[in-house]
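In: Okay, sequence plus prediction incoming.
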Amino acid sequence: MSTEVEPHPVDLAVAVTDADHAQGAREAPVTLVEYGDYECPWCGRAFPLIKRLQSELGDRLRVVFRNFPLNSVHPHASVAAQAAEAAAAQGKFWEMHDVIYEHQDDLTPPDLVHYALRIGVEVYQFQADLAAERYARRVQSDYDGGVKSGVKGTPTIFINGRRYTGELEYDQMMAAVQGALGAARTSPKLSS
């Protein structure tokens, strides 16, 4: 992952909504949005770092995941994203998200079916959804939103709507989140 500065938007162009896959309190002072690719080794490296941030920060951090499969370099990324979306339709997005990242070197359709069985997804519906590419449009919508936000590679992370440009390293990521927490504490509350 390159941290060079290049001309691109630094703000998240597509606001977080209830349609997003989110973990953590909606009212959390910090929201981390990741545009990720399930087959990307850098995303695999970010996965435990983000989990650790969640564990350390608890209800002060909300994590959102959006699909950004890089199909030209990762042949299984799109089907893995669709598998996560098919699991989401059965209330198991995060379980599938996690198991895919834990086994990101094994993402063939039979592997994905095995993971679906492991997490308790109704497998016949899951297989039908994958075969029909029922969630391809959702994956493409996430991807298009990433493009609007200047995403070119994965993982691309936004913290409270601003692009994170530091290293994929726990202390730097925690410092960025802590900075956003400090900013959230000092900013005036807007009334709705």
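Out: The structure has been received and is ready for your questions.
In: Pretty sure residue 168 is one of the things residue 46 touches, is it not?
Out: Yes. Under the criterion of C-beta atoms under 8 Å, residue 46 makes contact with residue 168 at 5.3 Å. Every C-beta, even on glycine, is put in place using the N, C-alpha and C of the backbone.
In: what is in contact with those two at once?
Out: Residues within reach of residue 46 and of residue 168 at once, by C-beta atoms under 8 Å, 6 or more residues apart in numbering, are residue 155.
In: more crowded one of those two?
Out: The residue with more neighbours, out of residue 46 and residue 168, is residue 46; 20 against 17, by other C-beta atoms under 10 Å.
In: Let me see the mean pLDDT of stretch 161-169.
Out: Mean pLDDT, stretch 161-169: 96.
In: Strands along this structure, start to end?
Out: Taking DSSP state E, the strands of the chain run over residues 21-23, 30-36, 61-67, 156-159, 162-163.
In: Now do the fourth one: which elements does it pack against?
Out: Spelled out, that is strand 156-159. strand 30-36, helix 170-186 (3 or more C-beta pairs under 8 Å, 6 or more residues apart in numbering; DSSP states H and E).
In: for this protein, which residue is closest to the average position?
Out: residue 65 (2.3 Å; C-alpha atoms, centre = their mean).
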